[in-house]
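A.B. asks: Sequence plus predicted model, see below.
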Amino acid sequence: MFKELRDFIRSVMDRDPAARSAAEVLFCYPGVHVLAFYRLGHWLWQLGLTTLARYVSQVGRLLTGIEIHPGAAIGRRLFIDHGMGVVIGETSVVGNDVTLYQSVTLGGTSLAKGKRHPTLEDGVIVGAGAQVLGPIRVGAGARIGANAVVVRDVAPGATMIGIPARPANAKAPLREPAVASAPRDPVRGAEFCAYGTSHDLPDPVARAIDSLCEEIAVLKARVAELEGENAPDERAASGSGT
């Protein structure tokens with residue numbers, strides 16, 4: 001138990017440069033505190049004491065601002081950074097070494113019983129304000145950018161941005177860390193990507209403008225070509241008229 005706790009605290013410190021000591025993580029991080037309430041509530045839920053489990057969950061929500069349904073399945077070393085406003089629904093499945101930031105929702109889109117919340121595989125990073133909705137699967141090591149709305153399955157290692165979320169750059173390989181001492185993703189070994197984004201993430205607006213400029217250049221070239229082809233006919237018509 002204490003070994004797992006040390007392992008968890010070390011993983012938090014690896015993902016948050018603001019954490020200066022194990023004591024600070026243990027006593028000052030709501031994302032750590034809420035997991036204690038969740039573990040107790042989940043144990044009660046499995047015993048069939050659902051109302052008591054929900055009560056424990058609500059106490060944790062009141063004290064931390066983070067709502068985790070006791071029916072959710074959560075793996076090891078989940079790090080909820082800042083945490084306020086995070087919601088994890090009843091049938092959510094969260095793998096190991098997942099990172100969630102503030103105001104993230106793992107929500108359901110159906111009123112039917114059964115699996116209706118997302119599954120996050122190991123090493124997923126979900127940026128602040130992102131919504132991951134429905135019984136979808138987010139592959140291992142995927143990154144969900146801030147405020148993205150994800151409603152479809154995400155491939156392992158993909159970076160998703162926008163509303164609805166789409167791959168940021170499907171053809172670009174994952175960037176290797178520029179600094180050898182940078183924190184590394186616990187699943188893929190790549191540089192840890194805070195908030196699910198990186199400094200070299202392509203700007204979708206800039207890409208759209210570049211695409212339009214390229215299309216305009218092609219159209220201008222085609223117009224010039226057509227004008228050049230029509231010029232002899234116009235001169236011939238002018239000469240015959242005189």
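C.D. replies: Received the coordinates, thanks.
A.B. asks: Could you use CA atoms for every contact and neighbour count after this?
C.D. replies: Fine.
A.B. asks: Tell me how this structure divides into domains.
C.D. replies: 2-202, 203-242 (automatic domain parsing).
A.B. asks: Need these in CSV (columns: mean pLDDT and mean neighbour count).
C.D. replies: Listed next are those as CSV, based on pLDDT from 0 to 100; neighbours: other C-alpha atoms under 10 Å:
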stretch, mean pLDDT, mean neighbour count
domain 2-202, 84, 19
domain 203-242, 76, 11
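A.B. asks: what bridges to the spatially most central residue of the chain?
C.D. replies: The chain has Ile144 as the residue nearest its centroid, 1.8 Å off, counting by C-alpha atoms, centre = their mean. Beta-bridge partners for Ile144, by DSSP bridges, are Val126, Met160.
A.B. asks: Surely it touches Thr159?
C.D. replies: Yes - using C-alpha atoms under 8 Å, Ile144 is in contact with Thr159, at 5.9 Å.
A.B. asks: Might you report the residue contacts of Val98?
C.D. replies: Contact partners of Val98, counting by C-alpha atoms under 8 Å, 6 or more residues apart in numbering, are 77-79, 120-125.
A.B. asks: and the gap between Val94 and Ile216?
C.D. replies: Using C-alpha to C-alpha, to the nearest Å, one gets 46 Å for the distance from Val94 to Ile216.
A.B. asks: residue boundaries of the helices in the chain?
C.D. replies: Here the chain has its helices, by DSSP state H, at 2-15, 22-28, 30-46, 50-64, 204-241.
A.B. asks: Which one, of the ones you listed, ends up nearest to Gly108?
C.D. replies: helix 50-64 (17.9 Å; C-alpha to C-alpha).
A.B. asks: Let me know the angle separating the closest one from helix 30-46.
C.D. replies: Note on geometry: by axes from the mean of the first three to the mean of the last three C-alpha atoms, to 10 degrees, helix 50-64 and helix 30-46 are set 170 degrees apart in direction.
A.B. asks: Give me the packing partners of helix 50-64, helices and strands only.
C.D. replies: Applying 3 or more C-alpha pairs under 8 Å, 6 or more residues apart in numbering; DSSP states H and E, one finds that helix 50-64 contacts helix 30-46, strand 67-68.
A.B. asks: mind redoing it with 6 Å?
C.D. replies: Here helix 50-64 touches helix 30-46, going by 3 or more C-alpha pairs under 6 Å, 6 or more residues apart in numbering; DSSP states H and E.
A.B. asks: Can you list the neighbours in contact with the helix it packs on?
C.D. replies: 53, 56, 60, 64, 70, 80, 83 (C-alpha atoms under 6 Å, 6 or more residues apart in numbering).
A.B. asks: Spatially nearest residue to the second one (excluding sequence neighbours)?
C.D. replies: Nearest non-adjacent residue to Val56, counting by C-alpha to C-alpha, 6 or more residues apart in numbering: Gly41, 5.6 Å away.
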